[in-house]
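Visitor: this one's structure only:
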């Protein structure tokens, strides 16, 4: 599905993500900054879908307290920098990491059940302590 007109309820990414996950305003879900929302997990869309047989995944930014790994069938949460060091020591751009993890989710999901994947990109955020701030992957540099 492609969304061509989008709005957020707040300029804070984690709070907006909590709103998307819970379907509630900040005053109701209880996350005013980067804490875990207070809405019971069973009332979130990933919780409802998983309880009803969906294979549920989340990849990328979280910023809602500690990532609840056990609430997802496939979960990879990361943020903070545009370049991530892999287990083998190589560096990978966070957008490429998002893509690799999303493809792994799609390849490894059970084919006999429905699925939902939340893919939360980080690269649209500035690295505030970096003088360049926005660090696109090399393949995207011609767009800037």
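Guide: Great, that's in hand. The model shown is predicted, which means the values in this text are computed figures rather than measured ones.

Visitor: hey, let's count contacts and neighbours off CA atoms from now on
Guide: Fine.

Visitor: okay, now residue 70: neighbour count?
Guide: By the criterion of other Cα atoms under 10 Å, residue 70 has 8 neighbours.

Visitor: how about it, secondary structure?
Guide: Under DSSP: H, G, I helix; E, B strand; the rest coil, residue 70 falls in the helix class.

Visitor: neighbouring contacts of the lowest-mean-pLDDT helix or strand in the chain?
Guide: None of the helices or strands of the chain scores lower by mean pLDDT, DSSP states H and E than helix 26-29, at a mean of 81. Contacts with helix 26-29, where a contact means Cα atoms under 8 Å, 6 or more residues apart in numbering, come from 15, 18, 19, 22, 32, 37, 38, 39.

Visitor: of all these, which two lie farthest apart?
Guide: 22 and 32 (13.8 Å; Cα to Cα).

Visitor: more crowded one of these two?
Guide: Comparing residue 22 with residue 32 by other Cα under 10 Å, the one with more neighbours is residue 22, at 23 against 17.

Visitor: I figured that one hits residue 42, correct?
Guide: No: between residue 22 and residue 42 there is no contact, the gap being 9.6 Å when judged by Cα atoms under 8 Å.

Visitor: ok so residue 56 is a strand residue?
Guide: Yes: per three-state DSSP, residue 56 lies within a strand segment.

Visitor: among the contacts of helix 26-29, name the buried ones.
Guide: When those are checked for burial by 16 or more other Cα atoms under 10 Å, the buried set is 15, 18, 19, 22, 32, 37, 39.

Visitor: where in this protein is pLDDT low?
Guide: Scanning the chain for pLDDT under 70 picks out the ranges 1, 144.

Visitor: now the helices for it?
Guide: Along the chain, the stretches classed as helices by DSSP state H are 13-22, 26-29, 45-51, 94-108.

Visitor: between those, which gets nearest to residue 128?
Guide: Residue 128 sits nearest to helix 13-22 of all the helices of the chain, at 14.7 Å, using Cα to Cα.

Visitor: who's in contact with the closest one?
Guide: With contact meaning Cα under 8 Å, 6+ apart, helix 13-22 is reached by 8-10, 24-26, 29, 31-34, 37, 39, 43-46, 62-64.

Visitor: ditto for stretch 117-132
Guide: 56-62, 79-82, 94-95, 98, 102, 133-136.
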